[in-house]
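# no sequence on hand, only this structure:
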């Protein structure tokens, strides 16, 4: 029996008369690198927002299974509760604290997980000082893991796109997640940065034991990383399988290119 971490069943998400997700069903096993692909407007970000409690679908169920094996219904829960449960994410558009240093950005993630709070930060009792020491150590550890130790004191706005993506991953990992959702992690990066990103994402799964779910338009990166892929189009799942299966699927070819495989070969 598979060790499932996400189970999505017959989810429909509407905004007025617009259907963003239409009867979507998918699952992800713990430890799996899973990709969700599709043309612009296919519903990928809506799916991510539904998995993290930002959107509340009108129909269907979404279940997250933590390490304790206890199923947790996502629909109806706030985003911060899902983060506390072990679901972290990055965003396509950078959401760093641009005026803060690289170190400070990651430390905020670590402290939010430790729950120091405003009162604790003001009083600075023994427990607060212990938590802060732990947060500092964790931040240093994560900066080393993603290769940003030498840029710990750099203002985050000055970082290259590749470094910003690594910073966002480090900040997500600082919350000690069980699953990390990556929204267009390669956006804005150059080819060498993409190669480094592929290696880093694999290490996050292999060395830290964090399950990876990603949205990505760079098909070369997806095919290099993903063990299984779901394809969305107009809010519906149109294909699922291994990278080779998805690459050869004529329905996927038509969705991306606007033509069938047979028509494409005849041109």
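Sure, I can see it. Predicted model, so just to flag it, every value in this text is computed and none were measured.
# contacts for stretch 96-108 next, please.
135-136, 139-140, 142-143, 148, 151-157, 159, 163-164, 167-168, 170-171, 174 (Cβ atoms under 8 Å, 6 or more residues apart in numbering). Every C-beta, even on glycine, is put in place using the N, C-alpha and C of the backbone.
# which SSE is immediately downstream of the helix or strand where residue 6 lies?
Using DSSP states H and E, residue 6 sits within strand 4-15. If you walk from strand 4-15 toward the C-terminus, the next helix or strand you reach (DSSP H and E) is strand 18-29.
# geometric centre of this structure: which residue is closest?
Centroid check for the chain by Cα atoms, centre = their mean gives residue 181 as the closest residue, at 1.2 Å.
# ok but that residue is inside a helix, no?
No: in this structure, residue 181 is strand, not part of a helix, as judged by DSSP: H, G, I helix; E, B strand; the rest coil.
# give the bridge partners for it, please.
residue 89, residue 213 (DSSP bridges).
# ok, it - contacts?
48, 51-52, 87-90, 213-215.
# then residue 215?
Counted by Cβ under 8 Å, 6+ apart, residue 215 has contacts 35-37, 44-45, 48, 92, 181-184.
# same list, those, but as a markdown table with secondary structure, pLDDT and distance to residue 232 please.
Below are those laid out as a markdown table (DSSP: H, G, I helix; E, B strand; the rest coil; pLDDT from 0 to 100; distance: Cβ to Cβ, whole Å):
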| residue | secondary structure | pLDDT | distance to residue 232 |
| --- | --- | --- | --- |
| 35 | strand | 97 | 11 |
| 36 | strand | 97 | 6 |
| 37 | strand | 95 | 7 |
| 44 | helix | 95 | 6 |
| 45 | helix | 93 | 10 |
| 48 | helix | 95 | 11 |
| 92 | coil | 71 | 15 |
| 181 | strand | 97 | 15 |
| 182 | strand | 96 | 16 |
| 183 | strand | 93 | 14 |
| 184 | coil | 92 | 14 |
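# ranges for the helices of the stretch 51-200 of the chain?
In the stretch 51-200 of the chain, the helices defined using DSSP state H, counting those that start in this stretch lie at 79-85, 102-114, 117-123, 126-146, 161-173, 191-208.
# CSV for the ones you listed, including distance to residue 20, mean neighbour count and mean pLDDT?
Listed next are the helices of the stretch 51-200 of the chain as CSV, based on distance: least, Cβ to Cβ, whole Å; neighbours: other Cβ atoms under 10 Å; pLDDT from 0 to 100:
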stretch, distance to residue 20, mean neighbour count, mean pLDDT
helix 79-85, 17, 16, 88
helix 102-114, 29, 22, 83
helix 117-123, 36, 11, 47
helix 126-146, 32, 16, 85
helix 161-173, 24, 23, 93
helix 191-208, 27, 15, 95
